[in-house]
Structure formats: C-alpha cells, structure tokens
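Student: A predicted structure for the sequence below; I have some questions about it.
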Amino acid sequence: MTAPLAWIIDTYVASEMMRPRPEPRVASFLDSIAEECLGLRRVEENRA
C-alpha cells in the first residue's frame, strides 16, 4: 500500500482563488488534487 500524495501550498496559492479572476493554471492545479491531500501552512519571517 502506498501513502497518498500530499501537498502543502503557500498562502499566495490559496489567496489566488479569492481574486475575481484567478489565474487559470492555479485554479486547474487546485481542482486536480483531492481536498484531503491539501494542507496550508503559514510561514513567518523572524525580523529580530
């Protein structure tokens, strides 16, 4: 049995779908993967 392929996407990818006309390639990519294989991670930059 093989593990399912999982994706961690950048917040820019997720926010693209909030635009009035999202980039078709981004929409197509997100439509092509199963929701249960999708993760969103926030990355913070340390500006010390």
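Tutor: Good, I have the coordinates.

Student: Residue 18 and residue 44, how far apart?
Tutor: 21 Å (Cβ to Cβ, to the nearest Å). To be clear about C-beta, it is placed using only N, CA and C from the backbone, and glycine gets the same treatment.

Student: Which stretches in this structure count as strands?
Tutor: Taking DSSP state E as the criterion, the chain carries its strands at 7-9, 38-40.

Student: What strands line up against the first one, and which way round?
Tutor: Pointing back at strand 7-9 there. Strand partners for strand 7-9, identified by DSSP bridges, are recorded as strand 38-40 (parallel).

Student: Contacts for the strand it pairs with next, please.
Tutor: Applying Cβ atoms under 8 Å, 6 or more residues apart in numbering, the contact partners of strand 38-40 are 6-9, 11, 14, 30.

Student: closest to residue 26 out of the strands of the chain?
Tutor: Between residue 26 and the strands of the chain, the tightest spacing by Cβ to Cβ is seen for strand 7-9, at 9.5 Å.

Student: before we move on, back to that, single out the most deeply packed of the strands of the chain.
Tutor: The densest packing among the strands of the chain, expressed as mean neighbour count by mean count of other Cβ atoms under 10 Å, is seen in strand 7-9 with a mean of 13.

Student: This completes my enquiry, with thanks.
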